[in-house]
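Enquirer: Sequence first, predicted coordinates after that:
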Amino acid sequence: MSDVGMSEWPLYEVFVRGKRGLNHVHVGSLHAADDEMAIRHARDVYTRRNEGVSIWVVRSDAITASSPDEKDPLFAPSGDKVYRHPTFYEIPDNVPHM
Amino acid sequence: MVKEAAMTVSQAPREQELLARFEATIRRNDRIEPRDWMPEGYRKTLIRQIAQHAHSEIIGMQPEGNWITRAPSLRRKAILLAKVQDEAGHGLYLYSACETLGVSRGELVELLLAGRQKYSSIFNYPTLTYADVGTIGWLVDGAAICNQVPLCRTSYGPYGRAMIRICKEESFHQRQGYELLMTMMRGTDEQRAMVQESVNRFWWPALMMFGPPDDKSPNSARSMAWGIKRNSNDELRQRFVDMTVPQAEALGVTLPDPELRWNEERGSYDFGEPDWAEFAAVIRGEGPCNAQRLAHRRRAHEEGAWVREAAMAFARKRAAAAEESAV
């Protein structure tokens, strides 16, 4: 189905900010011929009920992702550094506000 | 597809290990995410199920779309239009979820148009009267909700997330249908008869939406083991009947099943057997509207081709012009 691949609109990932004060969150993807159309489609597909106040779209092929493997060495450096967490430190109960 | 950054690659874990890790994730009730390793059967089952679900939403626009221009008031037209637009949206959420498994929407649409992937048998029944709009909302969307609520916890992340969005919106679909029927039931004898006649036609096909009985549903066990399905067909069918009977009573219609009665011992309603031969025939393509639904979808696809191509050509032209002026 190579001709389908050729004529199909590129895939975009859609991120919506639910309301002011929140991050944009990934909500799904859609196809569009260009960036502007992707924004319009994102409005129709993902915000029919006031789900957003701002939309980001980005071509899916522009995203670089880490390996999906959860045992990936990429995340290993944070695994053995318990001293980065506040609970690592023992503070007597009679010390307030800490 | 998102590309993967080049990483230091430890030696490729053996398939056994990958499978063990996959199964452990399922056992922990964690979600499988798009680029995780998964057994080929899991991927295939999901593609088949999600695509069939997406196609159902898209084909499902037709029976109700049939009544948009003839809905009796501006209010009813606006509601119906919004509902049919939702069905399109639901189809798109689901195609989007399915594409994370490595197929393209274009391929899935081709498979639907070639008759090689299916959609729910319910949409092969005609909408003969305006009451059918209400009955579809009440019974067909009601059955869909019963099927879909457990799918919010399905083991494949993107599918579950799509189902959560869909379930939120389906509730409007069911309520507008029930309200429409209530309004007609408060009307003339003729309107009440129209509602009853519509319920008579849709009751059994709605029960068939849950699929064949458990002992005739060969793939169910595997789908349950993989956490794709969370309840069996018969369980969900029973749940639907139990939920619907009191709604029918409140509405003042009779469900067309002489065997339907409360079973004190089970704490559930007993009900008759749907006509599984009819179900099989509709699946085989012999339902009242199979040919019409696919022909309509093909025509819409072909007649829209020039728009898709023109938009793509325009986008390429503009991108080229932008590049040139940037030099």
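Expert: Structure's in. What do you need? Numbering: from 1, shown residues only, chains lettered A, B, ... in the order given.

Enquirer: what about the helix or strand residue B:296 falls within and chain A, any contact?
Expert: Residue B:296 is part of helix B:290-303, with elements assigned from DSSP states H and E. No. Contact of helix B:290-303 with chain A is not found when judged by Cβ under 8 Å from any Cβ of the partner chain; the minimum separation is 11.5 Å. (Glycine included, C-beta is placed from N, CA and C.)

Enquirer: buried residues in that helix?
Expert: Under the neighbour-count criterion of 16 or more other Cβ atoms under 10 Å in any protein chain shown, helix B:290-303 has B:290, B:293, B:294, B:297 buried.

Enquirer: again with stretch B:215-230
Expert: By 16+ other Cβ under 10 Å, the buried positions in stretch B:215-230 come out as B:217, B:220, B:223, B:226, B:227, B:228, B:229, B:230.

Enquirer: At which residues are the helices of the stretch 51-200 of chain B located?
Expert: In the stretch 51-200 of chain B, the segments counted as helices under DSSP state H, counting those that start in this stretch are B:61-65, B:74-99, B:105-113, B:131-135, B:141-148, B:157-185, B:189-208.

Enquirer: Any chance of JSON lines for the ones you listed, columns mean neighbour count?
Expert: Below are these laid out as JSON lines (neighbours: other Cβ atoms under 10 Å in any protein chain shown):
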{"stretch": "helix B:61-65", "mean neighbour count": "20"}
{"stretch": "helix B:74-99", "mean neighbour count": "20"}
{"stretch": "helix B:105-113", "mean neighbour count": "19"}
{"stretch": "helix B:131-135", "mean neighbour count": "26"}
{"stretch": "helix B:141-148", "mean neighbour count": "23"}
{"stretch": "helix B:157-185", "mean neighbour count": "20"}
{"stretch": "helix B:189-208", "mean neighbour count": "19"}
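
Enquirer: can I get the ones you listed in CSV with distance to residue B:317 and mean pLDDT?
Expert: As requested, the helices of the stretch 51-200 of chain B are exported to CSV (distance: least, Cβ to Cβ, whole Å; pLDDT from 0 to 100):
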stretch, distance to residue B:317, mean pLDDT
helix B:61-65, 32, 96
helix B:74-99, 26, 96
helix B:105-113, 22, 96
helix B:131-135, 43, 98
helix B:141-148, 42, 96
helix B:157-185, 34, 96
helix B:189-208, 49, 98
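
Enquirer: mind checking which of these is nearest residue B:32?
Expert: helix B:157-185 (6.5 Å; Cβ to Cβ).

Enquirer: Any part of that closest one near chain A?
Expert: Yes. Counting by Cβ under 8 Å from any Cβ, chain A is contacted by helix B:157-185 at B:158, B:161, B:162, B:169.

Enquirer: Against which helices or strands is that helix packed?
Expert: strand A:24-31, helix B:74-99, helix B:131-135, helix B:141-148, helix B:189-208, helix B:233-251 (3 or more Cβ pairs under 8 Å, 6 or more residues apart in numbering or on different chains; DSSP states H and E).

Enquirer: run the last query once more with 7 Å
Expert: The helices and strands touching helix B:157-185, judged by 3 or more Cβ pairs under 7 Å, 6 or more residues apart in numbering or on different chains; DSSP states H and E, are helix B:74-99, helix B:131-135, helix B:141-148, helix B:189-208, helix B:233-251.

Enquirer: Nearest to chain A among the ones you listed would be which one?
Expert: Comparing those by their distance to chain A (Cβ to the nearest Cβ), the top pick is helix B:74-99, with 4.6 Å.
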